[in-house]
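**Student:** coordinates for the following, if possible.
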Amino acid sequence: MDIKINITELATKLAHWGVEVFFNGNPNDIYKDNGELTEYTDKAQDIFNEEYDKHWDIIISTKIY
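**Tutor:** Numbering: from 1, shown residues only. Okay, here's the model as predicted:
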């Protein structure tokens, strides 16, 4: 049986979870509000990027050809 997944969505969710774990869920360390939108702090963005790349590579390596 084949299972279809959205690789981008899965890697994003796993990366976000990694950010939350890294900062013990402390929203003050994870988010900043610039007045118009809420975004990751610079450190949280760096962690997210690392986590995303790591999970993307793992997901892609499991692809069946």
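**Student:** what pLDDT, on average, does stretch 51-63 get?
**Tutor:** Here stretch 51-63 scores 93 as its mean pLDDT.
**Student:** got the contact list for that stretch?
**Tutor:** The list of residues contacting stretch 51-63 from outside it, by Cβ atoms under 8 Å, 6 or more residues apart in numbering, reads 5, 7, 10-12, 14-15, 18-19. (Glycine included, C-beta is placed from N, CA and C.)
**Student:** any stretches of this structure with poor pLDDT?
**Tutor:** Across the chain, residues meeting the criterion (pLDDT under 70) sit at 64-65.
**Student:** now do the strands in it.
**Tutor:** 31-33, 38-40 (DSSP state E).
**Student:** tell me how far residue 63 lies from residue 28.
**Tutor:** Separation of residue 63 from residue 28 (Cβ to Cβ, to the nearest Å): 38 Å.
**Student:** nope, residue 8 is what I was after
**Tutor:** 28 Å.
**Student:** of the two, who's got more company?
**Tutor:** residue 8 (11 against 8; other Cβ atoms under 10 Å).
**Student:** relative to residue 38, how far out is the spatially most central residue of the chain?
**Tutor:** With distances taken as Cα atoms, centre = their mean, residue 15 lies nearest the centre of the chain, 2.0 Å away. Relative to residue 38, residue 15 is positioned 17 Å away (criterion: Cβ to Cβ).
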